[in-house]
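Asks: Sharing a model that was predicted from the sequence below.
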Amino acid sequence: MSSTTAVPVSKPLSSVVPPWMLVVTAIISVQFGAAVAKQLFDEIGFTGVVFLRTFLGGIIFLLVVRPKIFGYAPRVYAVIGLYALVIAANMLLFYASIERIPLGIAVAIAFLGPLSLSVIGSRKPLDLLWVALALGGILLLSPITDVTLDPVGIGLAFACAAAWATIILVAKRAGEVLPGNGTVALAMCAAAFVTAPFGAANALHLVPHLGLIGVALVVAVLSSFIPFMFEFVALRSMSPRVFGLLMSLEPAAAALIGWVILSEALGIEKIIGIGLVVIASIATTRSEH
């Protein structure tokens, strides 16, 4: 097939799988990818992992989507460039924050970005109730009161929240400038160039370790290719408000995966928190129709 035409992978996906299911699948994939990525942190640090997520993810996108690379209008490249910047910023800020503060707290703060879109996009008081339920659930899933927090880590998490909200808005716009999935494929490749100065040197430490290179490929598929592809497709037919609230399922998914795979105990507050975000997500999805 010619490399000058983007393969419309999103068309069969969106016609067969409901958008909310794509988002849920992306969330689960990210959490499994995060569990696998832990094996790489000691070897290459978080910057190396971020670079490999974008670099290997970009290669996979190129092989699967085979987008046209040249010949677009300047505004298309501007959208792709902005999308790449916010992808890279979100990943780097999040990993930098969890070096300083607990993961659960970083996640809770970062999700203020998607949730803020739900508040801004709300059209009726009932929408705000679902946002409040989701926020309450996330707080129950996060040990906010258990530790003394590093102010720099908190600041990085808030910056990550802003980047996450921007990703949703830019991805929605990016889905309108090109057919198929060419935009997200090119943006992931560009994000690798953005993250290279931070993590490429560290990533080279994996070269002698073939097994860990395989782990890095799994991380790229689970943490970059599947979630960005599915979320990009879902946003074509889903409002940022609903998408932002569905993202509150991610800490719930993390808690459940930790319970099933890592045998991490679920206290009553986490069970209630999971229930709240699930109820809020189901309700807001149904209200879209």
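Replies: Nice, thanks for sending it over. Numbering: from 1, shown residues only.

Asks: Go ahead and confirm residue 245 touches residue 284.
Replies: Yes: Residue 245 is in contact with residue 284 according to Cβ atoms under 8 Å; the separation is 4.6 Å. Backbone N, C-alpha and C define where each C-beta goes, glycine included.

Asks: now the helix or strand harbouring residue 163, how far from the centre of its chain.
Replies: Taking DSSP states H and E as the definition, residue 163 sits inside helix 151-177. Relative to its parent chain, helix 151-177 has a centroid offset of 10 Å by Cα atoms, centre = their mean, to the nearest Å.

Asks: Run through the neighbouring helices and strands of it.
Replies: Other elements packing on helix 151-177 under the criterion 3 or more Cβ pairs under 8 Å, 6 or more residues apart in numbering; DSSP states H and E are helix 74-98, helix 103-110, helix 112-120, helix 182-203, helix 226-235, helix 240-246.

Asks: and that helix, which residues are buried?
Replies: For helix 151-177, a neighbour-count test (16 or more other Cβ atoms under 10 Å) marks 153-154, 156-168, 170-172, 174-175, 177 as buried.

Asks: remind me which residues of the protein are low pLDDT?
Replies: Low-confidence segments of the chain, defined by pLDDT under 70: 1-15, 104, 142-148, 258, 261-266, 285-289.

Asks: coming back round to it: as a markdown table, the helices and strands packed on helix 151-177 with mean neighbour count and distance to residue 280 would be great.
Replies: What follows is these, written out as a markdown table (neighbours: other Cβ atoms under 10 Å; distance: least, Cβ to Cβ, whole Å):
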| stretch | mean neighbour count | distance to residue 280 |
| --- | --- | --- |
| helix 74-98 | 21 | 22 |
| helix 103-110 | 23 | 15 |
| helix 112-120 | 20 | 9 |
| helix 182-203 | 23 | 27 |
| helix 226-235 | 24 | 17 |
| helix 240-246 | 26 | 6 |
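
Asks: any shared contact partners between residue 245 and residue 284?
Replies: The contact sets of residue 245 and residue 284 overlap at 118, 130 (Cβ atoms under 8 Å, 6 or more residues apart in numbering).

Asks: burial measure for the closest residue to residue 207 other than its chain neighbours, as a count.
Replies: Distances taken as Cβ to Cβ, 6 or more residues apart in numbering put residue 213 closest to residue 207, at 7.7 Å, once the chain neighbours are dropped. Applying other Cβ atoms under 10 Å, we find 15 residues neighbouring residue 213.

Asks: go on, the one 5 residues further on?
Replies: When counting by other Cβ under 10 Å, one arrives at 15 neighbours for residue 218.

Asks: Please apply the same query to residue 222.
Replies: Residue 222, neighbours per other Cβ under 10 Å, totals 23.

Asks: and it, what is it in contact with?
Replies: Residue 222 touches 29-30, 32-33, 36, counting by Cβ under 8 Å, 6+ apart.

Asks: same thing but 7 Å
Replies: Listed by Cβ atoms under 7 Å, 6 or more residues apart in numbering, the contact partners of residue 222 are 29, 32-33, 36.

Asks: Could you say which helix or strand holds the residue nearest to residue 207?
Replies: Under the criterion of DSSP H and E, residue 213 resides in helix 210-220.

Asks: Now do the buried residues in that helix.
Replies: The neighbour-count criterion (16+ other Cβ under 10 Å) identifies 212, 215-216, 219-220 as the buried residues of helix 210-220.

Asks: and the direction of that helix versus that of helix 226-235, what angle?
Replies: 10 degrees (axes from the mean of the first three to the mean of the last three Cα atoms, to 10 degrees).

Asks: which other residues reach helix 210-220?
Replies: Here helix 210-220 makes contact (Cβ under 7 Å, 6+ apart) with 33, 36-37, 39-40, 43, 52-53, 56-57, 60, 206.

Asks: filter those residues to the buried ones?
Replies: 33, 36-37, 40, 43, 52-53, 56-57, 60, 206.

Asks: what comes into contact with stretch 239-256?
Replies: Outside stretch 239-256, the residues that touch it by Cβ under 7 Å, 6+ apart are 20, 23-24, 27-28, 30-31, 107-108, 111, 114-115, 117-118, 121-122, 130-131, 134, 137-138, 141, 168-169, 172, 234-235, 266, 270, 273-274, 277-278, 280-281, 284-285, 288.

Asks: if we can go back for a sec, is it possible to get JSON lines of the buried residues of helix 210-220 that adds distance to residue 73?
Replies: Listed next are these as JSON lines, based on distance: Cβ to Cβ, whole Å:
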{"residue": "212", "distance to residue 73": "41"}
{"residue": "215", "distance to residue 73": "40"}
{"residue": "216", "distance to residue 73": "35"}
{"residue": "219", "distance to residue 73": "34"}
{"residue": "220", "distance to residue 73": "30"}
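
Asks: Cool, thanks, talk later.
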